[in-house]
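Asks: Test case, fold it:
(one chain, ligands or ions: 4)
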Amino acid sequence: MASNHHFKRPNQPLSSSSTSYFYIFVSIIALTSLFLLSSHYLAYYSSPPVVRIESLKPTKQYVSVNNDDNGAASAACDYSEGKWFYDPTVRPPRYDETCKEIYKGWNCVAGNRSGAAEIVKWRWQPNHCALPQFDPLRFLESYRNISIGFVGDSLNRNMFVSLFCSLRHVTSEVKKWRPAGADRAFTFLKYNLTIAYHRTNLLARYGRWSANTKGGELESLGYKEGYRVDVDVPEGTWADAPSFHNVLIFNTGHWWWAPSKFDPIKSPMLFHENGQPIIPPLSPEIGLDVVLRRMISYVEEKSKQGTVLFFRTQSPRHFEGGDWDQGGSCPRSQPLSLQEVEKFFSVGNNGTNVETRIVNEHIHEAIKGSAFRLLDITQMSEFRADAHPSSAGGKKHDDCMHWCLPGITDTWNDLFIAQFSSMT
Ligand SMILES: *[C@@H]1O[C@H](CO)[C@@H](O)[C@H](O)[C@H]1NC(C)=O
Ligand SMILES: *[C@@H]1O[C@H](CO)[C@@H](O)[C@H](O)[C@H]1NC(C)=O
Ligand SMILES: *[C@@H]1O[C@H](CO)[C@@H](O)[C@H](O)[C@H]1NC(C)=O
Ligand SMILES: *[C@@H]1O[C@H](CO)[C@@H](O)[C@H](O)[C@H]1NC(C)=O
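Replies: Ligands and ions are numbered 1, 2, ... in the order given. The predicted structure is shown next:
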């Protein structure tokens with residue numbers, strides 16, 4: 001849960017209106033973890049085949065062979081590059097602001113964000129194909145008895161909530177529960193299809209570290225405080241997810257570029273392996289590479305035969321006029337132009353939101369040759385400076401990191417379901 005609000009925790013007092021149970025819960029989780037040390041349109045244009053679990057399970061060999069160098073499914077159309085078109089035609093909504101899972105801070109219609117209703121009037125048009133809006137009823141009917149796990153930070157939760165609301169809109173019998181360490185999960189009973197969210201910031205387990213008075217390798221290098229990150233230990237919230245779900249969607253990224261939490265001087269990340277500090281200490285960027293490699297191997301080893309594995313690329317932030325804690329805001333009412341996108345996100349420009357493409361370089365490298373497929377939402381999202389909650393609901397700082405719901409994570413799910421359907 002990488003809220004730009006609580007990057008500043010624990011020294012930032014909770015602001016009343018925007019915090020609510022969610023932020024409080026998140027900070028409790030953060031604190032608790034300190035102690036834990038110890039033909040692609042099938043689903044839309046034609047009747048999809050009824051998929052049995054067995055047929056959802058290509059061998060791992062098959063999955064990796066189909067992985068090209070970019071990690072994208074080679075058989076599928078490239079949905080990741082394209083343009084947004086304004087299309088004000090009235091369409092029945094997938095879901096609306098009454099969906100109860102929408103966290104208050106992301107509910108832009110209810111929170112009176114100006115232009116909130118415009119956000120869903122833009123349609124993503126990939127350069128060489130179409131990305132249809134997925135049909136939730138067909139999806140449920142086609143994928144009975146399966147379980148889908150989202151594993152990652154609050155941006156993956158944002159995507160999970162979008163999928164929940166879309167499915168809940170067409171079927172009402174839902175069981176809420178917490179399988180396999182999930183923060184929350186819902187089973188759509190009529191179809192026995194489950195979706196779950198597993199909360200984890202770094203994927204690897206981490207917690208507070210303080211110098212031991214008896215000394216040690218880190219102590220002798222002058223470290224006093226920090227965070228111990230175990231590169232080889234998955235966080236408990238998702239360690240059982242690979243053996244439970246049939247489909248997994250991972251992400252991590254925002255927390256690796258959160259200097260207000262992992263301050264390089266005051267509270268650095270101190271990487272450990274086999275319970276011992278890694279000496280010399282690794283920079284966060286190298287630490288990220290090691291963690292990605294270790295966690296990817298862990299998932300490949302623990303997942304059931306044929307589990308479909310996705311790694312979602314980094315979700316861009318759109319702070320202008322400063323970062324989240326420097327009065328930055330995202331007041332735009334339209335998507336950015338291509339030129340603006342490059343100005344915001346080119347690594348060479350070192351802008352406020354520069355981490356987006358840097359994180360992606362690490363992810364691309366890490367999944368090469370693995371069973372993971374890329375869910376590349378970055379470019380489509382880079383355009384959408386207009387789609388963040390901003391000051392919706394009267395926040396202390398603008399939220400230019402999460403996304404309004406309904407909003408563009410609905411399109412992320414269209415992409416996920418198009419890629420997934422093309423494989424099964
Ligand atoms: C789902 O599971 C039930 C009960 O195990 C079974 O009867 C049904 O055929 C399964 N459906 C599919 C599509 O696999
Ligand atoms: C949004 O506007 C409506 C109508 O003006 C008002 O009743 C409601 O309290 C506002 N909601 C928020 C979160 O500001
Ligand atoms: C529901 O689906 C799960 C897999 O997600 C399966 O283990 C379970 O047996 C199914 N239950 C029924 C009643 O079909
Ligand atoms: C990028 O910008 C940040 C903050 O504006 C600055 O601290 C950092 O040194 C810059 N990095 C480079 C490589 O220019």
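
Asks: For ligand 1, what's its nearest residue on the stretch 251-400 of the chain.
Replies: residue 306 (13.7 Å; CB to the nearest ligand atom). (Each C-beta comes from the backbone N, C-alpha and C, glycine too.)

Asks: Give me the neighbour count for that residue.
Replies: Residue 306: 16 surrounding residues under other CB atoms under 10 Å.

Asks: ditto for residue 148
Replies: Neighbour tally, residue 148, other CB under 10 Å: 21.

Asks: Next up, the contacts around it.
Replies: 163, 193-196, 245-249 (CB atoms under 8 Å, 6 or more residues apart in numbering).

Asks: Considering only the residues you listed, which also neighbour ligand 3?
Replies: Contacts with ligand 3 within the contacts of residue 148, counted by CB under 6 Å from any ligand atom: residue 194.

Asks: Top of the contacts of residue 148 by number of neighbours, please.
Replies: Going by other CB under 10 Å, residue 245 tops those with 29 neighbours.

Asks: Could you grab the helix/strand/coil label for that residue?
Replies: Judged by DSSP: H, G, I helix; E, B strand; the rest coil, the three-state class of residue 245 is coil.

Asks: Do you know the pLDDT at it?
Replies: For residue 245, the pLDDT comes out at 98.

Asks: Verify the contact between it and residue 181 for me.
Replies: No. Using CB atoms under 8 Å, residue 245 is not in contact with residue 181; the gap is 11.4 Å.

Asks: can I assume residue 196 sits in a helix?
Replies: No. Secondary structure of residue 196 (three-state DSSP): strand, not part of a helix.

Asks: ok, it touching residue 246?
Replies: No. Between residue 196 and residue 246 there is no contact under CB under 8 Å: 11.2 Å.

Asks: Wasn't residue 270 part of a strand?
Replies: Yes. Checked against three-state DSSP, residue 270 lies within a strand.

Asks: which residues of the protein score low on pLDDT?
Replies: 1-76 (pLDDT under 70).

Asks: how about the helices in it?
Replies: With DSSP state H as the criterion, the chain has helices at 16-35, 42-45, 60-65, 136-142, 154-168, 217-220, 284-302, 338-345, 355-367, 378-382, 408-423.

Asks: Need the winner for burial among these.
Replies: Stretch with highest mean neighbour count among the helices of the chain: helix 154-168 (a mean of 25; mean count of other CB atoms under 10 Å).

Asks: Return the list of helices and strands in contact with that helix.
Replies: Contact analysis of helix 154-168 by 3 or more CB pairs under 8 Å, 6 or more residues apart in numbering; DSSP states H and E lists helix 136-142, strand 147-152, strand 184-188, strand 193-199, strand 247-250, helix 408-423 as its packing neighbours.

Asks: Can you give the distance from it to the centre of its chain?
Replies: 10 Å (CA atoms, centre = their mean, to the nearest Å).

Asks: tell me the phi and psi of the residue of the stretch 101-250 of the chain found nearest ligand 2?
Replies: Per CB to the nearest ligand atom, residue 112 is where the stretch 101-250 of the chain lies closest to ligand 2, at 3.8 Å. The phi and psi torsions at residue 112 (degrees, to the nearest 10) take the values phi 60, psi 30.

Asks: wait, isn't it in contact with residue 391?
Replies: No. Using CB under 8 Å, residue 112 is not in contact with residue 391, being 9.3 Å away.
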